[in-house]
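1. for reference, the sequence and a predicted model appear below.
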Amino acid sequence: MDKELNRMSFIIMNQMLKAQATDFMHSLSCEEIRQQIKIVETCTVYKYIRKLERLGLVEKGAKVTRAYGYILTKKAIELLPKQKEE
């Protein structure tokens, strides 16, 4: 599976983990993720989210206005390196 993930996939998942998007009520929309990473367009984030969703690393959470929010699955959290406490 690691071969199917690229740098942007890990950046998106790390940002979601930092924002604690791990449960239904803390889901992030593609626009919210884009605002955090500031280097891509919303449609690019959506493309990566769809790929992560197919791999079982991200799933839909609560709706954020008209858009879906997304959360990390346990599988994704285990795949990411542990975050250091600041």
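-> Okay, I see it.

2. how about residue 19: what's its closest non-neighbour residue?
-> By the measure of C-beta to C-beta, 6 or more residues apart in numbering, the closest residue to residue 19 outside its immediate chain neighbours is residue 28, 5.8 Å from it. In this view, the C-beta of every residue, glycine as well, is placed from N, C-alpha and C.

3. would you confirm that residue 51 contacts residue 9?
-> Yes. At 6.9 Å, residue 51 and residue 9 qualify as touching, with contact defined as C-beta atoms under 8 Å.

4. how about residue 63, what does it touch?
-> Each residue near residue 63 by C-beta atoms under 8 Å, 6 or more residues apart in numbering is listed here: residue 69.

5. so what are the sheet partners of the strand or helix carrying it and their directions?
-> In this assignment (DSSP states H and E), residue 63 forms part of strand 58-64. Applying DSSP bridges, strand 58-64 is found paired with strand 67-72 (antiparallel).

6. which residues touch the partner strand?
-> Strand 67-72 is touched from outside by 13, 16-17, 21-24, 26-33, 49, 53, 57-63, with contacts defined as C-beta under 8 Å, 6+ apart.

7. can we see that at 7 Å?
-> Strand 67-72 has contacts (C-beta atoms under 7 Å, 6 or more residues apart in numbering) with 13, 16-17, 21-24, 26-31, 49, 57-63.

8. and it, what's buried?
-> For strand 67-72, burial by neighbour count (16 or more other C-beta atoms under 10 Å) applies to 68-72.

9. ditto for stretch 31-48
-> For stretch 31-48, by 16+ other C-beta under 10 Å, it's 32-34, 36, 40, 45-46, 48.

10. okay, the residues you listed in a markdown table with distance to residue 76 next?
-> Compiled in a markdown table, the buried residues of stretch 31-48 are given as follows (distance: C-beta to C-beta, whole Å):
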| residue | distance to residue 76 |
| --- | --- |
| 32 | 17 |
| 33 | 14 |
| 34 | 19 |
| 36 | 16 |
| 40 | 19 |
| 45 | 15 |
| 46 | 17 |
| 48 | 12 |
